[in-house]
Structures are given as structure tokens and as C-alpha cells.
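A.B. asks: Give the three-dimensional model of this entry:
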Amino acid sequence: MGRNTEIKAKLDSIEAAITELENLSTEGPFVLFQEDTFYNTEKGRLKWRRMPDREELIYYHRPDTAEPCISQYRIVDVSKQSQLKEVLGLALGMKGQVKKKRTLYLVGQTRVHLDEVEGLGSFMELEVVLREDQTEKEGQEIAHTLMKKLGIQEQCLLDSAYIDML
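C.D. replies: Now for the predicted structure:
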């Protein structure tokens, strides 16, 4: 399973974030249009992500906290499995859908997402992709340092997924 340290924050100004990220990023911006269909699960979250060029089934588990925290995830390419989406809906029940425009920047080992979420507004997500030899604490330190550089205030941090905010 992959793992990263994550935070999510509400943005007042996406333009200000873009200006900072253009100075800090090593790659990007890459614009991605994503539609996530969430399913009812007993633990973690399960979503079917549809993008113009591929589809993925993503399972992830992380605590609902506003602090930088570990998220463990598994991603499976399901581009050729459209009937599977229907079966999952029948078996588990569909929880809801999230549609967003995501602009991705890479800052070192961190994936920075600027998300414009339909019905919710603008957000920033940091995903510090951890190497096998890195600890959760190291990931949190990287996230905190980048939060300071990007001007992300603690009170703007969110403790839930977009699907839970709808």
C-alpha cells in the first residue's frame, strides 16, 4: 500500500496560492478534471475516479483530523472495467459524487492540489508522498514547512473529505 501525509485547507484566494506555487514548484501546473463516485464502506473510503484518459478504483484510509496525518491507499487501473462500477453501486450503494477541476503542482516529494470543487469552492491539498524509509513525523514536518511557505493557516485546515462536506 502507498502512504502519504495529507492536509486539506479551504482557500480564500486560489490566485494567491497559484502565485506562491509557481515560485516553489519543480513541475506543473497540470490541470486534471476528475469525477469521483464514492461507495458506502465500513472502514476507509472507496471511490471510482473518472478522468478523460483513464479510470481508477481507489481505496484509502486516514483519520478524519485537521492535522497532517498518514493516509494509506491502493490504486487500481479500471479503465477497461466499466461494468465493475455498476456492480459496486449495486453491492455497496453509492454514497455520492464529487466533481472537481484539480491543478497539480509538484514541490519536491509533495503533490500540491488546487481544487475547484463543484458546490463547495476552492481548496488546497498537500500530499507528501513518503518513501519507505521515511516516518510519519518526517512527513508531518515536510507538510508543516510547506504550509508555512504557502501561508496556510491552521484554522483553515479541514478534517473531512469533499464527499462528507456535500
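
A.B. asks: Burial check on Ile70, number of neighbours?
C.D. replies: 17 (other Cβ atoms under 10 Å). C-beta here means a position set from N, CA and C on the backbone, and glycine is covered the same way.

A.B. asks: wait, is Gln155 part of a helix?
C.D. replies: Yes - the assignment for Gln155 (DSSP: H, G, I helix; E, B strand; the rest coil) places it in a helix.

A.B. asks: Can you give me the separation between it and Ala17?
C.D. replies: 16 Å (Cβ to Cβ, to the nearest Å).

A.B. asks: who has more neighbours, those two?
C.D. replies: Ala17 (22 against 8).

A.B. asks: can you pull the contacts of the more buried one?
C.D. replies: Going by Cβ atoms under 8 Å, 6 or more residues apart in numbering, Ala17 touches Leu11, Leu114, Met124, Leu150.

A.B. asks: Wait, the second one touches Arg102, no?
C.D. replies: Just to be clear, that refers to Leu114. Yes - assessed by Cβ atoms under 8 Å, Leu114 is found in contact with Arg102 at 7.2 Å.

A.B. asks: Just the buried positions in the longest helix anywhere in the chain, please.
C.D. replies: As assigned by DSSP state H, the longest helix anywhere in the chain is helix 136-150. Buried positions in helix 136-150, judged by neighbour count with 16 or more other Cβ atoms under 10 Å: Gly139, Gln140, Ile142, Ala143, His144, Leu146, Met147, Leu150.

A.B. asks: Distance from that helix to the middle of the chain?
C.D. replies: Put simply, helix 136-150 sits 16 Å off its chain's centre (Cα atoms, centre = their mean, to the nearest Å).

A.B. asks: Need the residues that contact it.
C.D. replies: 4-7, 9, 17, 20-21, 24, 67-70, 107-110, 112, 124, 126, 128, 130.

A.B. asks: Please, a ChimeraX command that selects the buried ones among those residues?
C.D. replies: Burial among these is assessed by 16+ other Cβ under 10 Å; the matching ChimeraX selection reads:
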select :4,5,6,7,9,17,20,21,68,69,70,107,110,112,124,126,128,130
